[in-house]
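Novice: pasting the structure only:
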């Protein structure tokens, strides 16, 4: 029994050592890591209500999202210490479907600003050798400076970069349960709007990593 316990302890130490060795490769553990980049994403086209599949976004249609983001990670605490993000969201032309009209009959793109406020970010994986990082947390959404959604569960994935140092791609994935209501608005005229950010944006927003810096 004693020898068996010793073997289990040794194996456990090896596994822990391997995880620590590969967790933050090519970066000093005592220096904060900063990622900066851009977001440029077009949602999947909306589908009419008489088709088999539900709409990808609410309100339906094809939307373009464009902006910048910045994230700072403290590797000692495996936590996100700073997140900054601003984005423009507007309708784009969807095949042969015309843009919706305003009250004067003019085409409108419903342009508005979006701020994604990331909090309680925890680093689950960050390996520069394999070009993969996974961070989980909670996302609040502001529309034109006003609260829109509050408390959506998200995963931030950093991918790509094989053959390069660091990652090249950003994925913001909304993993909130589909029936969960995070819509902050309480007015009656929002009954047909999205219940949560996942339903509003679709399941993910795509972007790029432009720069990675490590503080000495």
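Specialist: Good, I have the coordinates. What you see is a predicted model; the values in this text were computed from it and never measured.
Novice: Average pLDDT for stretch 127-146, rounded please.
Specialist: Across stretch 127-146, the average pLDDT comes to 92.
Novice: Return the distance of it from the chain's centre.
Specialist: Mean-position distance between stretch 127-146 and its chain equals 4 Å (C-alpha atoms, centre = their mean, to the nearest Å).
Novice: can you tell me the distance between the two ends of that stretch?
Specialist: Start-to-end span of stretch 127-146 (C-alpha to C-alpha, to the nearest Å) is 36 Å.
Novice: ditto for stretch 69-85
Specialist: Stretch 69-85 end-to-end distance (C-alpha to C-alpha) = 4 Å.
Novice: Then stretch 158-175?
Specialist: 16 Å.
Novice: Also stretch 182-200?
Specialist: 11 Å.
Novice: ditto for stretch 184-197
Specialist: By C-alpha to C-alpha, the extent of stretch 184-197 from end to end equals 10 Å.
Novice: what is the rounded mean pLDDT of that stretch?
Specialist: 67.
Novice: Show me the beta-bridge partners of the spatially most central residue of the chain.
Specialist: Residue closest to the mean C-alpha point of the chain, counted by C-alpha atoms, centre = their mean, is residue 172 at 1.7 Å. Taking DSSP bridges as the rule, residue 172 bridges to residue 156, residue 205.
Novice: any idea how far it is from residue 110?
Specialist: 21 Å (C-beta to C-beta, to the nearest Å). Heads up, the C-betas are built off the backbone N, CA and C, glycines and all.
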